[in-house]
Structures are given as C-alpha cells and as structure tokens.
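In: Below are the sequence and a predicted model; questions follow.
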Amino acid sequence: MKELAVLGSTGSIGTQTLDIVRKYRDRLKVSLLAASKISEKLIEQIAEFNPEYVYIAEGEKIKGVKTLIGEEGLYELAQLDIDLFINGISGISGILPTYLLLENNKKLATANKEAIICLGEIYGDRYSDIFPIDSEHSAIFQCLLSGRKEEVEKIILTASGGPFLNLSKEEFRYITPDQALNHPRWKMGKKVSIDSATLMNKGFEVIEAHYLFNIPYNKIDVVIHPESVIHGLVQFIDGSVISHLSPPDMRVPICYAISYPERWEVDVKKLNLPQIKDLTFFEPDLDKFPLLRLAKECGEKGGAYPTVLTTADELAVRLFLEGKITFDMIPVYISQVLEHTDFDKPETFEDIIYIIKETEKVFWNILKLQNVN
Ligand code: MN3
C-alpha cells in the first residue's frame, strides 16, 4: 500500500490525483490532504478518503481528524512519514512546502513549477530526486530513459500555443479572463491557464526543465504543436529523436508519478492516430508572446531573475483575473518590474523570500504610478 500526501487537494491536480486513488483503492491510501482553507470540497474529500491528517493554511481544527494549521503545521507536515508527497499547489505559495519537503528529504512529485523555479538556484542539485508531474517534464523524463545524459543533444518542449495562437496582437487588449481561461486542450487551474494563454507557462517550463534535468538553456527548444499529442522530445547525438505521446489528460502524468517504475491503467480515451491525422509544428511567435523570450533570458541570467519573473507574473495574472489590467499589459508590467529590480544571487531560502517580498513592493509601486488600483 503506497501512502500519499496530496497538497492542493481541492485544486485541479489534487482532484485528478484523487481520481487515480479512487481507481486504485487496493494500492493507494491517502494519508494527508492539504488545502488553503476548509471548504465543502475538502470536507467531502475527508469523508471519502479518510486521511489521518489534514492540513489547512488557515482556519480551525476539523473534528475527527488530526488537523495541522498554518506555518507551524507545515513544518509538522514536512516531517510526516508518508511514501509520496504530491504537490499540486498553484503558484508561489507552494515554495515553503517544497523547501521543507526537500530539507526533510521527502519523496516529492510536483506540478508546482513556481517553487521549482524560485528554489532552483539553491536546490537545483537536489532536484534529480523530484518526480515531475508537469506533462512536458514527465514526457522528457520518459524520453531521457532511452539514452545517457551525455548523449543528449537537445530537449524539445511542445506548447499548444494556448487559446490565442491565431489572434492578432492588436486584439490582445480585448481578451477577457473567461476567454483566457478557456484552454483548447487541457483542463487546468486558473493561474496556469492564464500563463498558457500568454506562453509564460512555456517560459516557466523551460526554466523548470533546466533545473530538473540539469540541462543548459541552449539545449532546450520550444515548438508550437497545437494538437497537444506530443508532449516532449529528446534528440540524441546519433540523430535519433525519442518522443512521448499521450491524450492531453493530466491524469496520465499524475498516475505515472505515482506508479513509477510501473505503469498502471488510466481511464482516458486512448490515442487514435488515424483519427488525429495531422501533427503540426511551428516556431513560437516571440513578438506576439514576449514572455517566452523574457523567461529564457531570465533563466540564462539566473540568480534572482527567475524568482522576480515568477513573482511579477503571479501578481500580473491575479490583477488580470480581477479585471484590473488588460491581457496585453501582463508582459508590460512584468518587464517593468524586471527593469526596476536588482538583487544579489540568492544563497538561502530566506534570500528567496526577501526577493519575493521586495519584488511585490516594486510591482505595487509601478502600478500606483500608473493609477491602477
Ligand atoms: Mn505543462
């Protein structure tokens, strides 16, 4: 019986993880559910999966289950003896749990790319033990099994291109949050859906790949592939290219992270190649989607840049979702924040938190000067 801790249990990754557990009651047991707060969904999950522990970032003790609360509770959580911690937390709030789990040498499968990126400069050398849930990185992980590290020429991440691939740049101004949340291929949380629409998500994934697989940026390519059938490819020095294909359903990489090194049956509609017919690929338009280029630049500069980028994006996306800034301004504000910050290379976890806090201040100042409330 494999025991799981599901962090972000009420979110998109969390609920899809619990779908897998539902199918494999004989092999999997949920020992801990973690969410930001008590909700109807969380209460239902507790009733259904009967975990020994529940963690909430804020709120009161929950009857009938050991409740861990707040930052103190997080320190306890990270010391629990559980076989696999699945981090499906969205955004920067996943940093502290990721840091604590790494510090305690816990087995971690993560979809929380923001934490991977911000902590990469300090903990990158420990990432080889992290199991990626992000579909592209799960794909690359599997492709890499075909050869040795020194035989890799480059890795290629595919991007669906998001919902606005064929929209002109002039129209970006009028994009509504609802339109941006409506991703053509994947069922995902809000933050990552907006990031997919701006291609920031693919930029993050380049940085994530760099840290997870310890591969230099000049060996990481991005190609637009609207069908989202191929999720990642690795080109080896002999000219062989190994790719990973699957239906675009997050339960595939989630289940693999849980079942590895085995493979378990997943209830997805299997690929039918004659039905798909065409797989198309083209270069990303960096003029239309400047955040992809910006992310690569931040990754190459390293130091505090990936953290500043992640922080600025988190705030810009939140303001867009709240209807306070237009879609086309997301990259504008992020660029301005990057121009107005200058930090030393982080050396400790506290340095990372400091960079995040200071970047937030710079962001709010820039907005104030432009009369955005
Ligand atoms: Mn992805």
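Out: In hand now; what should we look at?
In: contacts, neighbours, all on C-alpha from now
Out: Will do.
In: where are the low-confidence patches of the protein?
Out: For the chain, residues meeting the criterion pLDDT under 70 lie at 373.
In: OK, contacts around the residue nearest the centre of it?
Out: By Cα atoms, centre = their mean, the chain has its centre lying nearest to K113, at 3.4 Å. Going by Cα atoms under 8 Å, 6 or more residues apart in numbering, K113 touches 91, 134, 204-205, 208.
In: and the gap between it and Y211?
Out: Separation of K113 from Y211 (Cα to Cα, to the nearest Å) stands at 10 Å.
In: Check D129 too.
Out: 12 Å.
In: Same check on T280?
Out: Counting by Cα to Cα, the gap from T280 to Y211 is 28 Å.
In: Between the two, point out the one with more neighbours.
Out: Y211 (24 against 12; other Cα atoms under 10 Å).
In: Look up the closest residue to the more buried one, ignoring the ones flanking it.
Out: Distance criterion Cα to Cα, 6 or more residues apart in numbering; nearest residue to Y211, sequence neighbours excluded, is G124 at 5.4 Å.
In: Now do the one you found: how many residues are near it, please.
Out: Around G124 there are 18 residues (other Cα under 10 Å).
In: okay but it is in contact with F213, surely?
Out: No: using Cα atoms under 8 Å, G124 makes no contact with F213, being 9.1 Å away.
In: Quick check: buried residues in stretch 69-88?
Out: Neighbour counts over stretch 69-88 (16 or more other Cα atoms under 10 Å) mark 69, 73-75, 77-78, 80, 82-88 as buried.
In: Switch those over to CSV; also include distance to L321 and secondary structure.
Out: Listed next are the buried residues of stretch 69-88 as CSV, based on distance: Cα to Cα, whole Å; DSSP: H, G, I helix; E, B strand; the rest coil:
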residue, distance to L321, secondary structure
I69, 28, strand
G73, 30, helix
L74, 28, helix
Y75, 32, helix
L77, 31, helix
A78, 32, coil
L80, 36, coil
I82, 36, coil
D83, 36, coil
L84, 33, strand
F85, 30, strand
I86, 27, strand
N87, 23, strand
G88, 20, coil
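In: export these to JSON lines and tack on distance to S36?
Out: Shown next, in JSON lines, are those (distance: Cα to Cα, whole Å):
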{"residue": "I69", "distance to S36": "10"}
{"residue": "G73", "distance to S36": "12"}
{"residue": "L74", "distance to S36": "11"}
{"residue": "Y75", "distance to S36": "15"}
{"residue": "L77", "distance to S36": "14"}
{"residue": "A78", "distance to S36": "16"}
{"residue": "L80", "distance to S36": "19"}
{"residue": "I82", "distance to S36": "20"}
{"residue": "D83", "distance to S36": "22"}
{"residue": "L84", "distance to S36": "20"}
{"residue": "F85", "distance to S36": "16"}
{"residue": "I86", "distance to S36": "15"}
{"residue": "N87", "distance to S36": "13"}
{"residue": "G88", "distance to S36": "12"}
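In: Just give the nearest non-adjacent residue to R318, would you?
Out: Leaving out its chain neighbours, the residue that sits closest to R318 by Cα to Cα, 6+ apart is K191, at 7.9 Å.
In: now the one you found: how far from E360?
Out: 17 Å.
In: Over to F131?
Out: Distance, F131 to E360, by Cα to Cα: 30 Å.
In: Can you give the domain ranges for this protein?
Out: Here the domain parsing of the chain from automatic domain parsing is 2-129, 133-294, 302-373.
In: Go through the longest helix along the chain and flag the buried ones.
Out: Longest helix in the chain by number of residues, with DSSP state H as the criterion: helix 349-369. For helix 349-369, the neighbour count (16+ other Cα under 10 Å) marks 352-353, 355-356, 359-360, 362-364, 366 as buried.
In: Over to stretch 20-38?
Out: Buried residues in stretch 20-38, counted by 16+ other Cα under 10 Å: 20-21, 28-38.
In: Inside strands: which ones of those residues?
Out: 28-35 (DSSP state E).
In: Many thanks, have a good one.
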